[in-house]
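In: turn this into a structure:
(one chain, ligands or ions: 2)
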Amino acid sequence: TQAFFQGKALAGKNILVTAGPTQEDIDPVRFISNRSSGKMGYAIARAAWEAGARVTLVSGPTALDAPYGVERINVKTARQMHAHVMQLAPEQDIFISVAAVADWRVSNTQTQKVKKTGTQGGLDLALTENPDILAEVAALANGPWCVGFAAETENLHEYAEAKRQRKKIPLLVGNLAQETMESDQSRMVLFDDQGSHPLPVLDKLDAARRLVAEIANRTVRPGA
Ligand code: CTP
Ligand code: CA
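Out: Ligands and ions are numbered 1, 2, ... in the order given. Down below sits the predicted model:
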């Protein structure tokens, strides 16, 4: 295996990827979540492994198999994802945050199923903000080099660059939610401190390989 990884762009790097949605329980039979298949995050984990990295994937619930060679940790909630990521982050070289983390969790999750007969025609949910996993990792002293994702429905350039600066990360991948969700293709725009760089429409695995190459170019010193 040593020979297999030699000369690859990310040989010897530890890379942590989050993928999929998180689920936040209302009660034992109901949850709120985000629209995310996990395909892009899994493709990135696979592409990073192909590039020679040791890859850990912290995944919310998806229908996907773990990519070959990748260590997967399954979670449900944003707080579970947060706990695993914060524990693993210090030993990582690169963190790629692809998960569609639920921004809020239900404040008063019920331990028994809520009955319609008790709710008079509607149900109010109180929500509490979840930790921003990416922003916390980006704020670590000596933490990994961080890549964020943003799926926006409008004003992609403005929102994505503002998000990159707010989270203080070197690279953010923007795309339009209506183009990437429930799709096998992706059209990414990369945002870094040089500006914005649109990439062509690609199948998600090709997009992932291209992104991994862009990350390697920005993080691996030539000849290192
Ligand atoms: N993210 C995270 N933890 C959260 C929310 C988001 O790690 N609680 C990460 C996502 O994985 C993604 C990036 O932050 O890499 C941007 O997520 P996004 O939902 O677009 O940004 P938010 O800051 O949550 O802003 P909003 O949803 O209001 O657009
Ligand atoms: Ca969000």
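
In: residue nearest the centroid of the protein?
Out: Central residue of the chain (C-alpha atoms, centre = their mean): Val98, 1.6 Å from the mean position.

In: excluding covalently adjacent residues, which one is nearest to Glu214?
Out: With C-beta to C-beta, 6 or more residues apart in numbering as the criterion, Glu214 has its nearest non-adjacent residue at 6.3 Å, and that residue is Leu190. No exception for glycine: its C-beta is placed from N, CA and C like everyone else's.

In: run a quick neighbour tally on that neighbour.
Out: When neighbours are defined as other C-beta atoms under 10 Å, Leu190 has 22 of them.

In: near ligand 1 at all, the helix or strand containing it?
Out: Leu190 belongs to strand 185-192 when assigned by DSSP states H and E. No. Judged by C-beta under 6 Å from any ligand atom, strand 185-192 and ligand 1 are separated, with a smallest distance of 11.6 Å.

In: residues contacting that strand, please?
Out: Strand 185-192 is contacted from outside by 40, 156-157, 160-161, 164, 170-176, 179-180, 196-204, 207, 210-211, 214, 218, using C-beta atoms under 8 Å, 6 or more residues apart in numbering.

In: inside helices: which ones of the residues you listed?
Out: Among the contacts of strand 185-192, the residues falling in helices (DSSP state H) are 40, 156-157, 160-161, 164, 179-180, 204, 207, 210-211, 214, 218.
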